[in-house]
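>>> Okay, sequence plus prediction incoming.
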Amino acid sequence: MIKTPKTYWYTRLDDEEEEDEEKTKTPQSVPVDKHLFDARTVLITGSITQELGRDVTARLLALSQVSKDPINVIVCSPGGHVESGDMIHDMIGFIDVPVNMIGVGWVASAGALIYVSVPKERRFCLPNTRFLLHQPSGGAGGPATDIEIQAREIIKMRDRLNQIFADATGQPLERIAKDTDRDFWMGPEEAIAYGLVNKIIKTTGDLA
């Protein structure tokens with residue numbers, strides 16, 4: 001069986017944070033999940049993984065079947081597995097329901113990819129949110145020919161992601177490529193000027 005290398009796109013968490021994210025749900029979290037479902041709210045927190053992608057996708061599909069009312073997606077993530085970010089990004093566009101995207105804490109790397117999955121007018125953030133854009137990276141290993149293949153795939157992925165952010169922000173592709181060559185941080189006001197964010201909000205009432 002051929003193993004496909006995973007490409008990760010994130011700001012590193014320390015070991016303690018990673019262990020916290022791997023803990024299973026407690027019985028006390030079940031009522032919280034029900035209230036979030038009733039409120040048509042989906043949380044995307046921590047590293048973007050295949051498990052998180054499956055969970056978020058299931059919630060989006062379920063909510064889209066229950067009602068056509070808007071869904072609020074709250075994102076706070078350092079990034080993670082690129083293809084899992086793609087999965088969530090594409091699913092948000094796939095469902096026939098409007099989605100409000102709300103950035104909190106930090107929205108970085110693959111988290112930013114998910115954030116721009118909605119039209120600009122539906123992108124919000126809380127006052128202290130930070131945004132990070134940068135190019136993907138991968139751990140290439142094995143024979144030289146395999147490393148060469150992986151390197152080409154990462155370059156194609158970088159170009160594709162740059163195009164997504166250019167389309168989402170209205171910035172020229174050349175500007176996106178230059179900015180994402182290294183870590184590119186933005187606060188809320190800077191993100192608005194860049195075309196990434198539409199509006200800073202402080203309460204749920206500001207979404208109206």
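Cool, the structure landed.

>>> Next, the distance between the ends of stretch 166-186.
One end of stretch 166-186 sits 16 Å from the other (C-alpha to C-alpha, to the nearest Å).

>>> Touching it from outside, list them.
Contact partners of stretch 166-186, identified using C-beta atoms under 8 Å, 6 or more residues apart in numbering, comprise 116, 120, 130-135, 158, 161-163, 165, 194-196. For every residue, glycine as well, the C-beta is placed using N, CA and C.

>>> Please enumerate the strands of the chain.
Taking DSSP state E as the criterion, the chain carries its strands at 7-10, 41-45, 71-77, 79-81, 99-108, 123-125, 130-133, 137-138, 184-186, 199-200.

>>> quick one: strands adjacent to the last one?
On the basis of DSSP bridges, the sheet neighbours of strand 199-200 come out as strand 123-125 (parallel).

>>> again with the second one
In the sheet containing strand 41-45, the strands it pairs with under DSSP bridges are strand 71-77 (parallel).

>>> Contacts only, for residue 191.
125, 129, 131, 197.

>>> One more pass at 7 Å, please.
Residue 191 makes contact with 125, 131, 197, according to C-beta atoms under 7 Å, 6 or more residues apart in numbering.

>>> Could you pull up the residues touching the last one?
Meaning residue 197. Residue 197 touches 123, 125, 188, 191, counting by C-beta under 7 Å, 6+ apart.

>>> Determine the longest helix present in the protein.
Under DSSP state H, the helix in the chain containing the largest number of residues is helix 144-169.

>>> rewinding a little: export the strands of the chain to TSV and append columns for distance to residue 63, mean pLDDT and mean neighbour count.
Formatted as TSV, the strands of the chain follow (distance: least, C-beta to C-beta, whole Å; pLDDT from 0 to 100; neighbours: other C-beta atoms under 10 Å):
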stretch	distance to residue 63	mean pLDDT	mean neighbour count
strand 7-10	26	51	22
strand 41-45	7	97	19
strand 71-77	5	98	22
strand 79-81	23	93	24
strand 99-108	10	98	23
strand 123-125	18	98	24
strand 130-133	26	97	20
strand 137-138	33	65	16
strand 184-186	30	98	17
strand 199-200	23	98	16
